[in-house]
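**Student:** pasting the structure only:
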C-alpha cells in the first residue's frame with residue numbers, strides 16, 4: 001500500500017454507484033477531495049470481471065447492510081488481483097454490534113464520514129503495511145509464507161489460503177512445537193473473545209490441513225488441549241487426529 005498522501009488507487013464498493021459519486025459526504029467524493037484515484041463499482045463487482053483493477057484500498061460502503069457488505073468483502077478477498085488490497089468497511093453505528101473478525105475488513109469507519117477521519121484511517125492502514133526492504137517471508141518446510149501478500153506458496157504455486165487460514169499458519173509457523181488451546185488461537189490469531197466460537201478454529205484447521213497436503217499431518221490435534229504445528233523436518237506423530 002502506498003503512502004496515503006501520495007495518491008492511493010481506491011475502489012469504492014456501494015449499492016448505488018451513480019448516487020454515491022454525487023453525494024458530498026460519500027466515500028468516493030471524500031477520497032477524490034483528498035487527492036486519491038477513485039473507481040466506484042456496485043456490490044456485484046461486475047466491473048472487476050470486465051477490467052481487473054489494481055487497488056491499494058477498497059472502501060465497502062455497507063451502511064446498515066452489514067450482511068451485503070460481508071458478502072462483498074468475501075468476494076474481494078477471493079480475487080487474486082486483490083490479495084494485497086486493504087479493505088475499509090463503512091457502516092452505520094447501529095450495526096457495530098454485528099462486527100466480528102470473520103467479516104474480513106482491515107478496519108472500519110462509521111457513517112457519516114468526515115474527511116479528517118477518513119484520511120487518518122488510510123494513514124493507519126498504510127502504517128500497518130510498512131516493510132523494511134524486501135517483503136517479509138517465513139519458510140515452513142517447502143512452503144513460503146509471503147506476509148505482504150498474505151499468501152503461502154509451494155514450488156511457486158499458491159495454496160489458495162483464505163486470510164484466516166493464512167493468519168493461523170503464520171501464527172503457528174512462528175511458534176512451531178508449542179500447543180495452543182482453541183480459545184488462545186481465537187483471541188491471539190483472530191481477536192475473538194467469546195468461548196462459544198471455539199469450533200471456528202476446528203473449521204479453519206481442517207481446511208488448512210487439506211491445503212497443506214503432506215505437511216498437513218504436522219498440524220496436530222492434542223487431545224484435551226488444542227493444536228500444535230510440528231517442525232517441518234521432524235517425523236510426523238502419525239495422521240492428524242480428527243477434530244473432536
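**Tutor:** Perfect, thanks for sending it. Quick caveat, the model's predicted, so the values are computed rather than measured.
**Student:** okay, now the domains of the chain?
**Tutor:** Domains of the chain are assigned by automatic domain parsing as 4-128, 137-229.
**Student:** Mean neighbour count and mean pLDDT for those - can I get that in TSV?
**Tutor:** All C-beta atoms are positioned from the backbone trio N, CA, C, and that covers glycine. As requested, these are exported to TSV (neighbours: other Cβ atoms under 10 Å; pLDDT from 0 to 100):
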stretch	mean neighbour count	mean pLDDT
domain 4-128	17	84
domain 137-229	16	86
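**Student:** How about residue 138, nearest residue that isn't a chain neighbour?
**Tutor:** residue 145 (4.2 Å; Cβ to Cβ, 6 or more residues apart in numbering).
**Student:** beta partners for that neighbour?
**Tutor:** residue 138, residue 152 (DSSP bridges).
**Student:** from memory it sits against residue 154, does it?
**Tutor:** No. Look at residue 145 against residue 154 with Cβ atoms under 8 Å: they stay out of range, at 10.5 Å.
**Student:** hang on, isn't residue 220 packed against residue 228?
**Tutor:** Yes. Applying Cβ under 8 Å, one finds residue 220 in contact with residue 228, separated by 5.4 Å.
**Student:** if I pick residue 82, what's in contact with it?
**Tutor:** 55, 58, 76 (Cβ atoms under 8 Å, 6 or more residues apart in numbering).
**Student:** right, and the secondary structure at residue 41 would be what?
**Tutor:** Secondary structure of residue 41, reduced to three states by DSSP: H, G, I helix; E, B strand; the rest coil: strand.
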